[in-house]
Structure formats: C-alpha cells, structure tokens
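# take a look and give me a structure for this.
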Amino acid sequence: MSKRKRQTEFLRALVLHGNTEGRAQLQERIIRAERDEQCAWRALWLVTMLAVFSSCGLCYSAVLIPQFFYNPSHLAVKIFFGLGLASLICAAAFLGFWFWCRAVLNRVQEECRRFIMAALEPGSRTETAIFAMPQRQTYSQLFSLRRAS
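This is a model prediction of the structure:
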C-alpha cells in the first residue's frame, strides 16, 4: 500500500469519530475522489498501452511491408498511425484529468484534516465524547512493578 493510500485510510478512520452530517459528507467525497482518480489512472494506462501497441505495429510494418518508406499509404500503416495519434491525444487528456483528480483528493484530505482539528480543539462539544484524553499517571504509577503471580 502506498504512503498516500495509508494517509487517506488514516484520515478516513479519524473522520469516523466526528459528527454525523460532516462525517457522512466527507466520507462520500473521499470515496468519490479516490474512485475518479483510479478511473483516470486506469484510462491513462490503457491508452498508453494502445500507443505502445501502435508503435510496435508501425515498426513491424516498416520491416514487413516492402516499399514502406516510399509509399506510406498502406492500410496497416494508416490504421497503426491513426491509433497511435489518437491514443497520444487521449493520453494527454487523461493525464490532465488525473492531475485534476489528484488535486481534488488533496483538497478533500485537507478538509478532513481541518475537520479533525476542529473536533480536537479545546472547548468543542465533541471533544469529551469522542476524543477522551487518558488519565495522567504519577511517576510512581508509571515505574511501579506489577506482581506476576
């Protein structure tokens, strides 16, 4: 699991402790942003593979078709060239969309951080019910040895 995915999971777990209306909205926005980013990444990967396939097809056409450099109007050359050009244009568009989805996910994560920090502020009504602070122990309690029977 990547560092980014672990951060998102950690924020999602912390948001679960907030109030219900804000929590549900943030959970839904995180899920939607992650899904859009993953969809854009998969589409980018697919058109990259199509570009690689078309470049391989053009290379094989250069080797296998006689008079390739003198007459590039062969049907296989046109198909591979068109597929390669279309996939490169789509790859540029999907790369831009992926960056945009990544920026949306960054904004949602920042909103989650603000939501959590607002819940942890002193004097907030949810602090005592949700994020109860542990009781402090004295030094003698911390360093005392317990009997093992």
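# just for this structure, where's the confidence low?
18-20, 123-149 (pLDDT under 70).
# now the helices for it?
3-15, 20-64, 75-120, 127-130, 139-142 (DSSP state H).
# distance of residue 71 relative to residue 8?
Plainly put, residue 71 is 54 Å away from residue 8 if you go by CB to CB, to the nearest Å. (Each C-beta comes from the backbone N, C-alpha and C, glycine too.)
# who has more neighbours, the two?
A count of neighbours by other CB atoms under 10 Å puts residue 8 above the other of residue 71 and residue 8, at 19 against 10.
# contacts for stretch 6-25, please.
1, 26-27, 30, 34, 105, 109, 112-113, 115-116, 119, 126, 130-131 (CB atoms under 8 Å, 6 or more residues apart in numbering).
# if we go to 6 Å?
For stretch 6-25, the surrounding residues in contact (CB atoms under 6 Å, 6 or more residues apart in numbering) are 26, 30, 109, 112, 115, 116, 119, 130.
# likewise for stretch 46-53?
With contact meaning CB under 6 Å, 6+ apart, stretch 46-53 is reached by 84, 87, 88, 90, 91.
# give me the buried positions along that stretch.
Within stretch 46-53, the residues that count as buried by 16 or more other CB atoms under 10 Å are 47, 48, 50, 51.
# centre of the chain to it, how far?
For stretch 46-53, the distance from its own C-alpha centre to the chain's C-alpha centre is 21 Å (CA atoms, centre = their mean, to the nearest Å).
# now that stretch - C-alpha only, CSV.
Provided in CSV are the C-alpha atoms of stretch 46-53 (Å, rounded to 0.1, in the frame of the first residue of the first chain):
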residue,chain,number,x,y,z
LEU,A,46,-5.0,1.8,-21.3
VAL,A,47,-4.3,4.5,-23.8
THR,A,48,-0.5,4.2,-23.1
MET,A,49,-0.7,0.5,-23.9
LEU,A,50,-2.6,1.3,-27.1
ALA,A,51,0.2,3.8,-28.0
VAL,A,52,2.8,1.1,-27.4
PHE,A,53,0.9,-1.4,-29.4
